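Chemist: quick one: sequence and predicted model below, then my questions.
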Amino acid sequence: MEVTARAPGKIILSGEHGVVHGSTAVASSIGLYTSVTIHFPSQNENDGNLKLRLRDLSLEFSWSISHIQECLKESNKADCLKPSAPAACLSNLQALVEEQHIPEAKFGLASGIKAFLWLYTCIQGYKPATVSVSSELPMSSGLGSSAAYCVALSAAFLSFSSATKLDVGKQGWQEFEDDELKLLNGWAFEGEKIIHGKPSGIDNTASTYGNMIKFKSGNLTPFTSSLPLRMLITNTKVGRNTKALVAGVSERTKRHYEAMACVFSAVDSISTELSEIIKAPAPNDIAITEFEEKIEELMEMNQGLLQCMGVSHASIETVLRTTLKYKLTSKLTGAGGGGCVITLLPTLLSQTVVDKVIAELESCGFQCMVAGVGGKGVQVSFKT
Ligand SMILES: Nc1ncnc2c1ncn2[C@@H]1O[C@H](COP(=O)(O)OP(=O)(O)OP(=O)(O)O)[C@@H](O)[C@H]1O
Ligand SMILES: C[C@@](O)(CCO)CC(=O)[O-]
Ligand SMILES: [Mg+2]
């Protein structure tokens, strides 16, 4: 028996970083997924091990279940209905990861592996299994790869627990009930904390629920766009780490508290206005341009404030300058410092211009894709 869970990545249209400090932010899921399959061995296959296969990286990690149980005394007490943090056993999780000799170039994976061990043992306990992960999302690039990973892991593990009422015999993708989504989002948030340090919860919430969300201080308001929005996503391929960028903004806030409070307040107003514009009744054909120009102006203002926070990067500035040549507006998305930039593609923009701007961005070594905004959140599919 096995189950596959898939969880989407996200883009933040406005409010990243500010949201960690209490500002409103607006995010949307995108149609790129991380998938997690969990397979419980038959009696013949059972070697008493828990295995994690990261397919895209061709890496496999394996621990004997009895060894994990000995190390993680804290998760022995966990209740799958109550998401909890590994406070007292973080160093034991660290030791379980260190014994796996992760290649130095992939060192960022250590926190993801810790999150996996914590979520698995708290939700599933001490059963041998093979968990395989594959992803369409570039890792560490601002599209919420860490959140999609934590949401897909939590969904797969909870699918085989008493906490969910899914139909194991049903073919095809199925969705969770509201209370189940809340629980799995809670576990994914615990995973994100292990990876990020101090996440706001917006990324895991966007991945869990899908579509568009307004998010402030842990509170979610789902909404839909009155018009389809199309974004060009440019991956600068400059690697960065969300934890370090979030910590950098907090340091700047300590140094310049009053000034940063004003920046966060401006971010809050921009996100609130943006969500009002996007969800307002669809404009007629003449007003579409005006509607898109308002979104562009708010994106540009938000980008200016992200520069103020110190999270832009030379590669991001190159994307901004390049798209501006075509009268297009862009902003960084996610934690910044490299990673991905989004550019609104107006409805009336010709394909010739889209092709030209993509060609110019790709000639700088960047990678481009066009994404529709919104789409389904987490789903699971059983195989008997
Ligand atoms: N498919 C995956 N397999 C294993 N670990 C993953 C996977 N995807 C993400 N991770 C973990 O998440 C980390 C990247 O998270 P990080 O938050 O820095 O980037 P991001 O989530 O892509 O961007 P952002 O948070 O700005 O949206 C990786 O170093 C790894 O620990
Ligand atoms: C930078 C940040 O605001 C968004 C990362 O996608 C961090 C967070 O909210 O957890
Ligand atoms: Mg992340």
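Modeler: Noted; the coordinates are in hand. Ligands and ions are numbered 1, 2, ... in the order given.
Chemist: I'd assumed residue 232 was in a strand, is it?
Modeler: Yes. Counting by DSSP: H, G, I helix; E, B strand; the rest coil, one finds residue 232 located in a strand.
Chemist: quick check: bridge partners of it?
Modeler: Beta bridges link residue 232 to residue 343, residue 370, judged by DSSP bridges.
Chemist: surely residue 343 touches residue 230?
Modeler: No. In this structure, residue 343 is not within contact of residue 230 by CB atoms under 8 Å, at 9.6 Å. Every residue, glycine included, has its C-beta placed from N, CA and C.
Chemist: compare the two (neighbour count), which wins?
Modeler: residue 343 (27 against 16; other CB atoms under 10 Å).
Chemist: residues contacting the more buried one?
Modeler: With contact set as CB atoms under 8 Å, 6 or more residues apart in numbering, residue 343 has these partners: 231, 232, 233, 234, 319, 323, 328, 329, 330, 357.
Chemist: check what pLDDT it gets.
Modeler: In this model, residue 343 is scored at 98, pLDDT.
Chemist: where does the stretch 1-150 of the chain have low pLDDT?
Modeler: Applying pLDDT under 70 to the stretch 1-150 of the chain flags residues 75.
Chemist: tally of neighbours for whatever residue of the stretch 51-200 of the chain ends up closest to ligand 3?
Modeler: Closest residue of the stretch 51-200 of the chain to ligand 3, CB to the ion: residue 146 (3.3 Å). Counted with other CB under 10 Å, residues neighbouring residue 146 total 31.
Chemist: so which residues of the stretch 251-384 of the chain form strands?
Modeler: Using DSSP state E, counting those that start in this stretch, the strands found in the stretch 251-384 of the chain span residues 330-332, 340-344, 367-372, 379-383.
Chemist: report the two of the contacts of residue 343 separated the most.
Modeler: Largest separation among the contacts of residue 343 by CB to CB: 233 and 329, giving 14.0 Å.
Chemist: roughly how far is stretch 90-101 from the heart of the chain?
Modeler: 24 Å (CA atoms, centre = their mean, to the nearest Å).
Chemist: got a list of contacts for that stretch?
Modeler: So stretch 90-101 is contacted by 61, 63, 67-68, 71-74, 86, 110, 113-114, 117-118, 194 (CB under 8 Å, 6+ apart).
Chemist: hmm, it touching ligand 1?
Modeler: No. Stretch 90-101 lies out of reach of ligand 1 by CB under 6 Å from any ligand atom, never closer than 10.4 Å.
Chemist: pull out the buried residues from that stretch.
Modeler: For stretch 90-101, the neighbour count (16 or more other CB atoms under 10 Å) marks 92, 93, 96, 97 as buried.
Chemist: for these, which one is nearest ligand 2?
Modeler: residue 93 (20.7 Å; CB to the nearest ligand atom).
Chemist: with adjacent residues omitted, what lies nearest to the closest one?
Modeler: Nearest-residue entry for residue 93: residue 114, 4.5 Å, with adjacent residues in sequence omitted and distances by CB to CB, 6 or more residues apart in numbering.
Chemist: ok but that neighbour is inside a helix, no?
Modeler: Yes. Residue state for residue 114 (three-state DSSP) corresponds to a helix.
Chemist: most neighbours among the contacts of stretch 90-101, which one?
Modeler: Busiest of those [other CB under 10 Å] is residue 118, holding 26 neighbours.
Chemist: any idea which element that residue lies in?
Modeler: For residue 118, the element it lies in under DSSP states H and E is helix 109-124.
Chemist: on that earlier part again, the residue nearest to residue 93 against residue 194, yeah?
Modeler: Yes. The criterion here is CB under 8 Å, and residue 114 meets it with residue 194 at 5.2 Å.
Chemist: just the buried residues of the lengthiest helix in the chain, please?
Modeler: Across the chain, the longest stretch assigned as helix under DSSP state H is helix 285-309. Within helix 285-309, the residues scored as buried using 16+ other CB under 10 Å are 291-292, 294-296, 298-299, 301-303, 305-309.
Chemist: now, among those, which is nearest to ligand 1?
Modeler: Distance ranking of the buried residues of helix 285-309 against ligand 1, using CB to the nearest ligand atom, places residue 306 first at 12.0 Å.
Chemist: near ligand 1, which residues of the stretch 101-250 of the chain show up?
Modeler: Within the stretch 101-250 of the chain, the positions near ligand 1 by CB under 6 Å from any ligand atom are 108-109, 111-112, 133, 135, 139-147, 149, 195-196, 203, 241-242.
Chemist: filter those down to the ones in helices?
Modeler: Counting by DSSP H, these place 109, 111, 112, 145, 146, 147, 149, 195, 196, 203, 242 in helices.
Chemist: isn't the last one right next to residue 333, touching?
Modeler: Read it as residue 242. No. Taking CB under 8 Å as the definition, residue 242 is not a contact partner of residue 333, at 11.9 Å.
Chemist: what ranges do the helices span in the chain?
Modeler: Here the chain has its helices, by DSSP H, at 65-71, 90-98, 109-124, 145-159, 178-196, 202-209, 242-255, 257-279, 285-309, 314-325, 351-363.
Chemist: close to ligand 2: what parts of the stretch 201-350 of the chain are there?
Modeler: The stretch 201-350 of the chain has residues 202, 203, 242, 246, 334, 335 near ligand 2, with proximity defined as CB under 6 Å from any ligand atom.
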